[in-house]
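Take this sequence and fold it.
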Amino acid sequence: MKGNIFICLNEVTYKGNIPAELQGEYARKTYDEEGVLDAILDTTFEEVGIDTRIKFGSVIGFEIDSNKFHVMEVGASWLNGGVSALIALGDGLEYPNNCLMTNEEAMELIAANTRDII
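Residues are numbered from 1 along each chain as shown. The predicted structure is shown next:
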C-alpha cells in the first residue's frame, strides 16, 4: 500500500537527509556507462522537493515566530516503513514540526501562515 502524505518539516529536517526507508524511491543515484547503479547519494528533503515538484507540486515555505517550515507532499509506503520513518521524524516535537497531515490540514496550515506573502 502506498499513499500521498503531506508533511510539515522544520528547517533542520528539510535541509537534512531523507530516512533510509525513502531512499529507494527518492534518493539521487549515479550509474556507470552500462547503466549499472554506482552509488546511492545522500539526498535531502529539499532535493526531493525539487525532484518531485512536477509530480507533487512545489514545496510551500513559511515562517512561524521566525522559525522556517516547509510543507511538501510525498508518496510513502506503509508496508516498507516509509510512513513510520516520517512519523518518527516528529517524535518529541511540537506541532507543526515534522508533522504528518491530510491534504485539508496542510491547506489550513499553509493558509493560516502565508496570508502576508500571497
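
switch to C-alpha atoms for all contacts and neighbour counts from now on
Fine.

check contacts around the residue lying closest to residue 7 once chain neighbours are set aside.
Nearest residue to residue 7, sequence neighbours excluded (C-alpha to C-alpha, 6 or more residues apart in numbering): residue 100, at 4.4 Å. Residue 100 is in contact with 5-8, 86-87, counting by C-alpha atoms under 8 Å, 6 or more residues apart in numbering.

Which helix or strand lies directly C-terminal to the host helix or strand of residue 100?
Using DSSP states H and E, residue 100 sits within strand 99-101. Taking DSSP H and E as the definition, the helix or strand that follows strand 99-101 towards the C-terminus is helix 103-114.

Make CSV out of the contacts of residue 100 and add distance to residue 44, secondary structure and neighbour count.
Putting the contacts of residue 100 into CSV (distance: C-alpha to C-alpha, whole Å; DSSP: H, G, I helix; E, B strand; the rest coil; neighbours: other C-alpha atoms under 10 Å) gives the following:
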residue, distance to residue 44, secondary structure, neighbour count
5, 17, strand, 18
6, 16, strand, 22
7, 14, strand, 26
8, 14, strand, 26
86, 13, helix, 22
87, 17, helix, 14
